[in-house]
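Q: Structure, please.
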Amino acid sequence: MTAPLGRTRPVHLRIDAVVEVTPAQADELRRDYAPKSTDAAPDVIAGLRDSLPDEPLLTSAELNGAFTEGRFGATAYLAPASHCVVLVALGEWTRGDRGSGYRSTSPRM
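A: Numbers count the residues shown, from 1 in each chain. Alright, predicted model coming up:
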């Protein structure tokens, strides 16, 4: 199925990631965004669940904002002892007006 000429269809994207950072970067994230302990577990895809750090995770609206770009929203969790960031990012993208790339059209989380 294709979109009518001159119109685009949104593409829904989800990115789940477990990212190792340096100890200095983990300390900087903790200092700059003041995340607090959470009982909530990241809702990552099944293939990443075994990669989640086995320690209490920290999160905050400010930390989420550090990983939100434009209108592509993210929920971020910091695992300070293992120097990891867990990201669950969601967005909706449409092709640019002249086909030169993609631009975000989703509401900010």
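
Q: residues of the helix of greatest length in the chain that come out buried?
A: For the chain, the helix with the greatest residue count under DSSP state H is helix 23-33. For helix 23-33, burial by neighbour count (16 or more other C-beta atoms under 10 Å) applies to 26, 29, 33. For the C-beta atoms, the positions are set from N, CA and C on the backbone; glycine is no exception.

Q: Nearest residue to the second one in space, please, no chain neighbours.
A: Yep, that's Leu29 we're talking about. Once flanking residues are discounted, Leu29 sits nearest to Leu78: 5.5 Å by C-beta to C-beta, 6 or more residues apart in numbering.

Q: Specify the local secondary structure of the one you found.
A: Using DSSP: H, G, I helix; E, B strand; the rest coil, the structure places Leu78 in strand.

Q: Hmm, Val18 is touching Leu48, no?
A: Yes - the pair Val18 and Leu48 passes the contact test of C-beta atoms under 8 Å, sitting 5.9 Å apart.

Q: Between these two, tell me which one has more neighbours.
A: Neighbour count, other C-beta atoms under 10 Å: between Val18 and Leu48, Val18 has more, with 19 against 14.

Q: how close does the more buried one sit to Tyr77?
A: 9 Å (C-beta to C-beta, to the nearest Å).

Q: Now for these two: what residues contact both?
A: Common contacts of Val18 and Tyr77 (C-beta atoms under 8 Å, 6 or more residues apart in numbering): 85-87.

Q: Okay, and which of those map to strands?
A: If you go by DSSP state E, the shared contacts of Val18 and Tyr77 have 85-87 in strands.

Q: Find the residue closest to Leu63 in space, skipping its chain neighbours.
A: Nearest to Leu63 is Tyr33, by C-beta to C-beta, 6+ apart, at 4.1 Å.
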